[in-house]
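J.: predicted model and sequence below, questions to follow.
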Amino acid sequence: MSTTAVDQDTRELSGVLARIESLLTCCDPREVWRLGEREVSSALATLSVARHALDVLEVALVREGIGRGLDRDAGYSTHDWMTRAEGARAPQPAAAHTAQVIRLARASQSLGLVPTDPDDVALTDPGVRGPSAGWGEEPAPADLGDILTVFASGHLSLAKTDQLARFAEQTSPVADPALLAATLGAIVTAARDDDPSPSSACSERIPGITERQLATAITRAGRLVRPARAIERDDTRARAGRGLYYLAGPAGLTGYKLLLDPEGAAILDAAVAALSAPQPDADGPDRRPPARRRADALVEIIQRGVSAPGQAPTTDKAHVVVTIGYAALAEALPTHRDDDGLPLPAALYDPRPTHHAGTTATGQVLAPSVVRRMACDAGIIPMVLSGTGQSLDLGRTKRLFTPGQRLAIWHRDQGCTYPGCTMPPQWCDAHHLTWWSRGGPTDLTNAALLCRRHHTRVHQLDLTATITATTVTWHT
C-alpha cells in the first residue's frame with residue numbers, strides 16, 4: 001500500500017473519532033424521555049456495540065503508543081501515560097480498566113499481532129472468528145492469539161478477554177502445551193457470545209458464561225494444567241493464610257475482616273446461606289438488607305455452637321454441595337465400593353492419577369483430597385458424576401422435587417434460567433414446565449430453575465421452554 005493511501009486511512013480514522021466525539025457530546029440525556037420503549041432498548045444495544053468497538057480500538061491505540069515508546073518519551077509509566085492522555089478532555093479511566101487495556105495491549109504486542117504492512121490484517125481482522133464449536137462438536141484448541149482474535153471480532157468482552165489472557169500467560173510456563181491449548185479452547189468456547197444461527201428460530205445473541213462463572217472455570221482449569229506438586233503447595237499456603245482481624249467500626253460497632261481458603265469459605269458460605277434467607281412474619285416481608293441477614297446468621301451459628309459445649313450436635317451440619325468427577329473422588333482410596341460395600345466395576349473409575357477439582361455451589365474450587373477429607377466428617381452432599389445415586393425421575397408419584405433431583409437441576413441450570421437473570425441456584429424454585437396441575441411429571445426433563453420473580457412471570461404469561469441435557473431455552 002502506498003504512503004498516500006496510508007495517510008488517507010489515518011485521516012479517515014482521526015475523522016471518524018472526531019465525529020464520534022462531536023455526536024456524543026451533542027446528545028442530551030435529558031431528552032431520553034422522548035424515546036419509546038423499543039427505542040430505549042435499541043439505544044442501549046447500540047451503545048454496547050459502540051463501547052466494545054471503542055474498547056478494541058483503545059487496546060490498539062495503547063499498543064501502538066507502547067510500541068513507539070510514547071510513555072517512555074513522556075517520562076511516565078504506561079499506566080500514568082494512558083491515564084493522562086485519556087484524561088485530557090474527560091474524566092480519567094478507572095484504574096482497573098486501565099490495567100486491563102495495558103495487559104491486552106502488551107499481550108498482542110508480544111505476539112506480533114500488529115501487522116507492519118497495512119495490507120496484512122492477520123488475526124486483528126474483526127471478521128476473523130476464533131474458536132467455536134457447534135452442538136456435539138469438540139472445541140478447537142486455542143492460544144493467546146485466538147483469545148485476542150475473538151475479542152477483536154466482538155465475541156468476548158474486555159473483562160473476559162483479560163481474565164483469559166492472564167490465565168494463558170500465567171500457566172503457559174508450567175503447563176503441558178497441548179493440554180493448555182485444549183483447555184483454553186473449551187473455556188473460550190464457553191465464554192464467548194455467539195450470534196444466532198441463520199437456521200435457528202431464535203433471533204437473540206447467545207451469551208456465554210458470566211465473568212464469575214469464567215473465574216470459577218479458570219480456577220478449576222488451573223488445577224487441571226498445573227503440576228500436582230504446585231497444587232499441593234497452593235493448598236498449604238492457602239490454609240496458612242487464614243486470618244480473622246478486628247477493625248474499628250463506627251458508632252460503637254466492631255468490624256471483622258475474615259480471610260479463608262476455599263475449603264473454609266465453602267463451609268462458611270453453606271452455613272450462612274442456610275440461615276440468611278429472608279424471613280417474613282405477620283408484620284410483612286423481611287426488610288433486613290442481605291448484609292444484615294448474613295451477620296445475624298453468623299451470630300446465630302456461633303450462639304448455637306457455644307450453647308451446648310462438649311455435647312453432640314442436635315442438628316445436621318451445614319451441607320456443602322460439591323460437584324466432582326468420580327475418578328477424582330475415588331483416587332487414592334484402597335478399594336472402590338458402592339453404598340452396599342460391593343466392589344464397583346472398573347469402568348466406573350479411572351485408576352490413572354488425576355487432580356481434577358471439585359466445585360461448590362458457591363464457586364469455590366476444592367482439591368479432591370479436600371473433598372475426600374470433608375466427606376469423612378462434614379455435612380457434604382456429593383454430586384458425583386458417573387457414580388450411582390438417587391433416582392432422578394419420579395413421574396407422577398411425587399409433586400415436589402427430591403433433594404437429589406434439585407442437586408441435578410442446580411448442576412445443570414447453575415441459577416435462574418430466565419433470559420438475562422443471574423440469580424444463583426440457592427434462591428431459585430424448581431418449576432414444572434408442564435404444570436403438575438396439568439399432568440406434568442416431577443422429572444428432570446420437566447424441570448427448570450426460576451427465581452421467585454421470574455417464576456411468577458412464567459406462570460402469569462404461561463411461557464414454555466425447551467430442555468436439553470445441559471440447557472433450558474425459554475420461548476418469550
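T.: Sure thing, it's come through.
J.: for residue 88, give me its contacts.
T.: Going by Cβ atoms under 8 Å, 6 or more residues apart in numbering, residue 88 touches no other residue. The C-beta positions use only the backbone N, C-alpha and C, and glycine is treated the same way.
J.: now do it against residue 473, distance only.
T.: Residue 88 sits 47 Å away from residue 473, going by Cβ to Cβ, to the nearest Å.
J.: how near is the residue nearest to residue 268 when sequence neighbours are not counted to residue 242?
T.: Leaving aside its chain neighbours, residue 268 sits nearest to residue 260 (6.4 Å; criterion: Cβ to Cβ, 6 or more residues apart in numbering). Distance check for residue 260 against residue 242: by Cβ to Cβ, it reads 6 Å.
J.: between these two, who's got more neighbours?
T.: Neighbour tally, residue 260 and residue 242, criterion other Cβ atoms under 10 Å: the higher count belongs to residue 260, 18 against 13.
J.: okay, now residue 465: neighbour count?
T.: By other Cβ under 10 Å, 17 other residues sit near residue 465.
J.: residues contacting residue 93?
T.: Taking Cβ under 8 Å, 6+ apart, one finds 82, 83, 86, 87, 101 in contact with residue 93.
J.: hmm, try it at 10 Å
T.: Listed by Cβ atoms under 10 Å, 6 or more residues apart in numbering, the contact set of residue 93 reads 58, 82, 83, 85, 86, 87, 99, 100, 101.
J.: re the thing from before, surely the residue nearest to residue 268 is in contact with residue 272?
T.: No. If you go by Cβ atoms under 10 Å, residue 260 and residue 272 don't touch, sitting 11.9 Å apart.
J.: longest helix in the protein, please.
T.: helix 37-68 (DSSP state H).
J.: quick one: distance of that helix to the chain centre.
T.: Here helix 37-68 is found 22 Å from its chain centre; the criterion is Cα atoms, centre = their mean, to the nearest Å.
J.: likewise for stretch 270-279?
T.: 23 Å.
J.: convert the C-alpha atoms of it to CSV, please.
T.: Output in CSV follows, covering the C-alpha atoms of stretch 270-279 (Å, rounded to 0.1, in the frame of the first residue of the first chain):
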residue,chain,number,x,y,z
ALA,A,270,-23.1,-23.1,53.3
ALA,A,271,-23.7,-22.4,57.0
VAL,A,272,-24.6,-18.8,56.5
ALA,A,273,-26.8,-19.4,53.5
ALA,A,274,-28.9,-21.9,55.5
LEU,A,275,-29.9,-19.2,58.0
SER,A,276,-29.8,-16.0,56.0
ALA,A,277,-32.8,-16.4,53.8
PRO,A,278,-35.5,-13.6,54.2
GLN,A,279,-37.9,-14.5,56.9
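J.: nearest residue to residue 412 in space, please, no chain neighbours.
T.: Using Cβ to Cβ, 6+ apart, the closest residue to residue 412 is residue 470 (6.4 Å).
J.: doesn't residue 417 make contact with the one you found?
T.: No. Assessed by Cβ under 10 Å, residue 470 is found out of contact with residue 417, at 11.5 Å.
J.: looking at these two, which is more packed in?
T.: Neighbours per residue (other Cβ under 10 Å) separate residue 470 from residue 417, with residue 417 holding more: 25 against 10.
J.: now the closest residue to that one other than its chain neighbours: how far from residue 450?
T.: Using Cβ to Cβ, 6+ apart and skipping the chain neighbours, the partner closest in space to residue 417 is residue 472 (4.0 Å). Distance of residue 472 to residue 450, computed by Cβ to Cβ: 9 Å.
J.: shared neighbours, these two?
T.: With Cβ under 10 Å, 6+ apart as the test, residue 472 and residue 450 both reach 413, 416, 417, 418, 431, 465.
J.: filter those residues down to the ones in helices?
T.: Among those, the ones falling in helices (DSSP H) are residue 413.
J.: mind picking the two most distant members of the shared contacts of residue 472 and residue 450?
T.: Spatial extent of the shared contacts of residue 472 and residue 450 (Cβ to Cβ) is set by the pair 416 and 465 at 12.2 Å.
J.: need the residues touching each of the two.
T.: By Cβ under 10 Å, 6+ apart, the residues touching both residue 416 and residue 465 are 431, 448, 450, 472.
J.: what packs against the host helix or strand of the second one?
T.: Assignment of secondary structure by DSSP states H and E places residue 448 within strand 447-451. Where contact means 3 or more Cβ pairs under 10 Å, 6 or more residues apart in numbering; DSSP states H and E, strand 447-451 is packed against helix 403-413, strand 428-432, helix 452-461, strand 464-467, strand 472-475.
J.: what's next to the second one, contact-wise?
T.: Meaning strand 428-432. Counting by Cβ under 10 Å, 6+ apart, 399-402, 405-406, 409-410, 413-418, 421, 438-444, 446-452, 454-456, 458-459, 465, 472 sit against strand 428-432.
J.: paired strands for it, with orientation please.
T.: If you go by DSSP bridges, strand 428-432 pairs up with strand 447-451 (antiparallel).
J.: chain center to the strand it pairs with, what's the gap?
T.: Chain-centre distance of strand 447-451: 19 Å, with Cα atoms, centre = their mean.
J.: what's the angle from that strand to helix 403-413?
T.: 70 degrees (axes from the mean of the first three to the mean of the last three Cα atoms, to 10 degrees).
J.: would you map the strands across this structure?
T.: In the chain, the segments counted as strands under DSSP state E are 243-248, 254-259, 320-325, 358-360, 365-366, 380-385, 428-432, 447-451, 464-467, 472-475.
J.: each with direction, which strands does the fourth one pair with?
T.: Strand 358-360 has its sheet partners listed here by DSSP bridges as strand 320-325 (antiparallel), strand 365-366 (antiparallel).
J.: low pLDDT regions in the stretch 251-400 of the chain?
T.: For the stretch 251-400 of the chain, the stretches flagged by pLDDT under 70 are 306-320, 324-357, 361-363, 369, 372-399.
J.: my read: residue 268 touches residue 275, true?
T.: No. Between residue 268 and residue 275 there is no contact under Cβ under 10 Å: 11.6 Å.
J.: okay, now the closest residue to residue 147 other than its chain neighbours: neighbour count?
T.: Excluding the flanking residues, the one nearest residue 147 by Cβ to Cβ, 6+ apart is residue 164, at 4.8 Å. A count of nearby residues for residue 164, using other Cβ under 10 Å, gives 26.
J.: and what of residue 192?
T.: Residue 192 has 26 neighbouring residues, counting by other Cβ under 10 Å.
J.: and the gap between it and residue 161?
T.: Applying Cβ to Cβ, the value for residue 192 to residue 161 is 10 Å.
J.: for residue 82, what are its contacts?
T.: 58, 61-62, 65-66, 70-71, 76, 92-93, 97-99, 101-102, 105.
J.: which among those end up buried?
T.: 58, 61-62, 65-66, 70-71, 93, 97-98, 101-102, 105 (16 or more other Cβ atoms under 10 Å).
J.: any chance of the shared contacts of residue 472 and residue 450 in a markdown table, plus pLDDT?
T.: A markdown table is the format used below for the shared contacts of residue 472 and residue 450 (pLDDT from 0 to 100):
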| residue | pLDDT |
| --- | --- |
| 413 | 89 |
| 416 | 90 |
| 417 | 91 |
| 418 | 91 |
| 431 | 88 |
| 465 | 91 |
